[in-house]
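*Asks:* okay, predicted coordinates and the sequence, questions at the end:
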Amino acid sequence: MTSTHEQAPPFVSRVRVQGFRSLAECDVRLGPLTVLAGFNASGKSNFLDAIMFVRDALAYSPGQAIAKRGGLESVLRRMESPGESDRSDIADSFLIAVELSLRPDGGRATYEVCIGRDPQEEFTHLVLRESCSLHLPGEDVSFSTDLTSERQRNVDGGIPGARLNPEELLLPIVGRLAPYDRLLRALLAMRFYDLETDVLRQLDDTRVRRTQLGERGEHLGQVMGLLAGQHPEFKESLDGYMRWLIPSLLGVDQRLQGDYATIQARFWTGDPVLPFWNAVNADAVHPGDPHVQVFQSEQLSEGTVRGMGVLTALFQPEALTATIPLVTIEEPEIAIHPARVACLFDALHEASHRTQVIVTTQSSDLLDTEGVHPSVLRMVEMVDGVTRIGELSEHTKRNLIKNPSHLAEMHRQGHLRPAAPANGGQGAER
Ligand SMILES: Nc1ncnc2c1ncn2[C@@H]1O[C@H](COP(=O)(O)OP(=O)(O)OP(=O)(O)O)[C@@H](O)[C@H]1O
Ligand SMILES: [Mg+2]
């Protein structure tokens, strides 16, 4: 394992979004670990979806990324006009811009897309603008494209003389070649997890080799096997977190049934007395021990399976090597007992030394550990139909650094809010 424990700059360091779903205008800086917290329907998932839109548009096409989300009308921000309750407008376009750091040489990049409706309704959407700049050691390149009034895409940089269909993006084309290939590969490798218990339990056909956990939890069996084979120290660390979540659990393993892989778990069924814990910690409890019982994936509790899914998303081999540069997880605490959820935070924090991690949460219990620095929080709130996302105010952060135990309680009571924007917006904390 070559990774260092130094905190490298995060892959996505800043995201600006305009006109996308409830995000009228937001500008969010991200760290190696970011926790998006806020009430239901405040816009947490919309924010992650904006980053995922970039990945989807590059991996498939902007048209497919829009179709997956129910069409342009459901993606474009609907604006209620105050005072005219019978009227609502829909934005004509949306913009998503990301600032990125590339490993291992500290390259930097910005990428921005602006997509809108076609007033002539000839196309389902138009790429109004796309721009990219890439700064690598010893090499600076950039391109930008704009739509002309004749609906031709004017391309500046990238490919000389390129003519583009007004619905398509240029980065997937220029990204076939150096130096843009590194940027495209990294953007395509971002993973957005929204785990489903049934999918995590599925049998996985090993004749199709899979090296990554699917975004709904596919291939857990194969990935668990890879982790045990390639990174046994991280497999042991994953088992350690699982033991925190479920004290009688000894470890989780790949289970092979013919050509199919799934998971199983070893449990201790004897007395949970001190010598047992000593034996676990000394790795002296093994299958075959009369007090060790193995259960198959269908027999495992929902919390066991989901906990494994979350930990595998974080510690899968390609996240450990940062081949996956960003892992986002929707509500990792689901189905975990409140008294145990805080240990998930330690796992998120450990994983964020190797790949960038963003999670959404509703859970005060996840924040109920002294390891949570208030600067990892991005508070999300909906004010008049518009999502605001921001850090806590400096004043609140200072208070919480002095009294870390107050964080979870303030969150539980709904008292944590994004700081007022520098130009003095409304509805902000204190
Ligand atoms: N096109 C749109 N224009 C304006 N607002 C929208 C649009 N699409 C969705 N929304 C708003 O976004 C809300 C959903 O936001 P989102 O799914 O991000 O919430 P969340 O914070 O993830 O909530 P939860 O914690 O319940 O998952 C909707 O209730 C709606 O108010
Ligand atoms: Mg959500």
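*Replies:* Done, it's in. Ligands and ions are numbered 1, 2, ... in the order given.
*Asks:* quick check: buried residues in the top helix by length along the chain?
*Replies:* Identified as the longest helix of the chain according to DSSP state H is helix 44-59. Judged by neighbour count (16 or more other Cβ atoms under 10 Å), helix 44-59 contains these buried residues: 44-58. Just so you know, the C-beta spots here come from the backbone N, C-alpha and C atoms, and that holds for glycine as well.
*Asks:* nearest the middle, which residue of the chain would you pick?
*Replies:* Central residue of the chain (Cα atoms, centre = their mean): T328, 1.2 Å from the mean position.
*Asks:* that one contacts F47, doesn't it?
*Replies:* No. T328 is not in contact with F47 according to Cβ atoms under 8 Å; the separation is 9.7 Å.
*Asks:* separation between Q293 and N403?
*Replies:* Using Cβ to Cβ, to the nearest Å, we find Q293 at a distance of 44 Å from N403.
*Asks:* now swap in L126 and tell me
*Replies:* Here L126 is placed at a distance of 52 Å from N403 (Cβ to Cβ).
*Asks:* so the two - more neighbours on which side?
*Replies:* More neighbours surround L126 than the other of L126 and N403, with 22 against 11 (other Cβ atoms under 10 Å).
*Asks:* check contacts around that one.
*Replies:* Taking Cβ atoms under 8 Å, 6 or more residues apart in numbering as the criterion, L126 is in contact with 115-118, 147, 151, 166-167.
*Asks:* is L238 in a helix, a strand, or coil?
*Replies:* The three-state label given to L238 by DSSP: H, G, I helix; E, B strand; the rest coil is helix.
*Asks:* burial of E150, as a residue count?
*Replies:* E150 is flanked by 6 other residues according to other Cβ under 10 Å.
*Asks:* whoops, Q230 was the one
*Replies:* 14.
*Asks:* which residue lies closest in space to it, excluding its sequence neighbours?
*Replies:* Excluding its sequence neighbours, the residue lying closest to Q230 (Cβ to Cβ, 6 or more residues apart in numbering) is P317, at 5.3 Å.
*Asks:* who's in contact with that neighbour?
*Replies:* 211, 223, 226-227, 230-231.
*Asks:* how about S144?
*Replies:* 129-132, 155-157.
*Asks:* repeat that for A408.
*Replies:* Counted by Cβ under 8 Å, 6+ apart, A408 has contacts 364-365, 367-368.
*Asks:* just these that are near ligand 1?
*Replies:* The overlap between the contacts of A408 and the neighbours of ligand 1 (Cβ under 6 Å from any ligand atom) is empty.
*Asks:* sort out for me which of these are in helices.
*Replies:* Among the contacts of A408, DSSP H puts none in helices.
*Asks:* show me what the helix or strand hosting V357 packs onto, helices and strands only.
*Replies:* According to DSSP states H and E, V357 maps onto strand 356-361. For strand 356-361, the elements it packs on are strand 33-37, helix 44-59, strand 326-330, helix 338-351, judged by 3 or more Cβ pairs under 8 Å, 6 or more residues apart in numbering; DSSP states H and E.
*Asks:* which one in this structure is furthest away from the centre?
*Replies:* Residue farthest from the centre of the chain, counting by Cα atoms, centre = their mean, is P290 at 41.3 Å.
*Asks:* and the nearest residue to it once chain neighbours are set aside, helix, strand or coil?
*Replies:* Once flanking residues are discounted, P290 sits nearest to G270: 7.8 Å by Cβ to Cβ, 6+ apart. When classified by three-state DSSP, G270 comes out as coil.
*Asks:* what's the neighbour count on G270?
*Replies:* 14.
*Asks:* for it, phi and psi?
*Replies:* As for G270, its main-chain torsions (degrees, to the nearest 10) stand at phi -90, psi -170.
*Asks:* and the chain, what are its domains?
*Replies:* For the chain, automatic domain parsing gives the domain ranges 12-190+358-412, 201-322.
*Asks:* and the shortest one, how far apart are its ends?
*Replies:* The distance separating the two terminal residues of domain 201-322, taken as Cα to Cα, to the nearest Å, comes to 26 Å.
*Asks:* the longest one now?
*Replies:* From the first residue to the last, domain 12-190+358-412 extends over 29 Å; the measure is Cα to Cα.
*Asks:* quick one: mean pLDDT over that domain.
*Replies:* Averaged across domain 12-190+358-412, pLDDT comes to 92.
*Asks:* check the offset of it from the chain's centre.
*Replies:* Using Cα atoms, centre = their mean, to the nearest Å, the mean C-alpha position of domain 12-190+358-412 is found 12 Å from that of the whole chain.
*Asks:* and if you look at the last one?
*Replies:* Relative to its chain's centre, domain 201-322 lies at 22 Å (Cα atoms, centre = their mean).
*Asks:* contact residues of the stretch 1-150 of the chain facing ligand 1?
*Replies:* So the stretch 1-150 of the chain meets ligand 1 at 21-22, 38, 40-46, 74, 76-78 (Cβ under 6 Å from any ligand atom).
*Asks:* which one of those residues is nearest P332?
*Replies:* The shortest approach to P332 among these belongs to K44, at 12.8 Å (Cβ to Cβ).
*Asks:* mind listing the helices for the protein?
*Replies:* Using DSSP H, helices in the chain cover 44-59, 62-68, 72-75, 171-174, 180-188, 197-201, 220-230, 232-245, 274-281, 302-315, 317-320, 338-351, 394-402, 406-412.
*Asks:* using CSV, write down the CA coordinates of the second one.
*Replies:* What follows is helix 62-68, C-alpha atoms only, in CSV (Å, rounded to 0.1, in the frame of the first residue of the first chain):
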residue,chain,number,x,y,z
PRO,A,62,-26.1,15.1,-22.2
GLY,A,63,-29.4,13.8,-23.8
GLN,A,64,-29.2,10.6,-21.9
ALA,A,65,-28.2,12.3,-18.7
ILE,A,66,-31.3,14.6,-19.1
ALA,A,67,-33.6,11.7,-20.0
LYS,A,68,-32.5,9.7,-16.9
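*Asks:* right, I'll call it a day here.
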